[in-house]
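Participant: I would like the atomic coordinates for the input below:
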Amino acid sequence: MSRLIKIYTDGSSIGNPGPGGYGIVMLSDNEDYKKEFSQGFNLTTNNRMELLAVIVALEKIKIKNSKVKVYTDSKYVSDAVEKGWLFNWVKKDFKNKKNPDLWRRFLRIYNDHEVKFQWVKGHNNDFYNERCDFLANLATKNSNLKEDKGYTTNLT
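Facilitator: Got it, this is the predicted structure:
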């Protein structure tokens, strides 16, 4: 019987587009295991960071077919999956949709696990959501920002 992995994620950007970052807190179901991750980027959008946080967290899970619950304050991410929009976008090869590079990356890892999304209201005193927000904003201000190649490639 596989244990539930809880993932809290958040993404942010200053300026949208602008410098951005994501924050992740991963927990076992009884919270005896906790890991945090974050990364900043020099030019990106908040939606890209929201989605990238989920992708990176899922990629860190080592056991295939894990049960995963993702808590996010991003309606963009949670609704795209839970309401099935993403699967219609796939059928249309993401025509006129933003962030197809990240959505394709998401789908490569999403199918390796049993993933459910739970939307949480942002800035509403949810401890782990607030922690992810802090990590994302801190990463945005880091002096070692990476390039979001998927974003900058699509600018030209």
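Participant: For Asn129, which non-adjacent residue is closest in space?
Facilitator: The spatial neighbour of Asn129 that comes closest, neighbours along the chain excluded (Cβ to Cβ, 6 or more residues apart in numbering), is Val120 at 5.2 Å. Where C-beta positions appear, they are placed from N, C-alpha and C, glycine not excepted.
Participant: Let me see the contact set for the one you found.
Facilitator: Tyr71, Thr72, Asp73, Asp126, Asn129 (Cβ atoms under 8 Å, 6 or more residues apart in numbering).
Participant: Mind pulling the model confidence for it?
Facilitator: pLDDT, Val120: 96.
Participant: What is the nearest of the contacts of Val120 to Thr152?
Facilitator: Thr72 (24.4 Å; Cβ to Cβ).
Participant: confidence score at that closest one?
Facilitator: 97.
Participant: 842 is where my numbering starts, stick with that
Facilitator: With the count now opening at 842, the last piece we talked about shows up as Thr913.
Participant: close enough to count as contact, Lys916 and Trp960?
Facilitator: Yes: with contacts counted by Cβ atoms under 8 Å, Lys916 reaches Trp960, the gap being 6.3 Å.
Participant: rewinding a little: which two in the contacts of Val961 are spaced the farthest apart?
Facilitator: By the measure Cβ to Cβ, Thr913 and Asp967 form the most distant pair in these, at 10.8 Å.
Participant: neighbour count winner among these two?
Facilitator: With neighbours defined as other Cβ atoms under 10 Å, Thr913 and Asp967 compare such that Thr913 has more, 26 against 16.
Participant: how about the strands in this protein?
Facilitator: 845-854, 859-869, 875-885, 908-913, 955-960 (DSSP state E).
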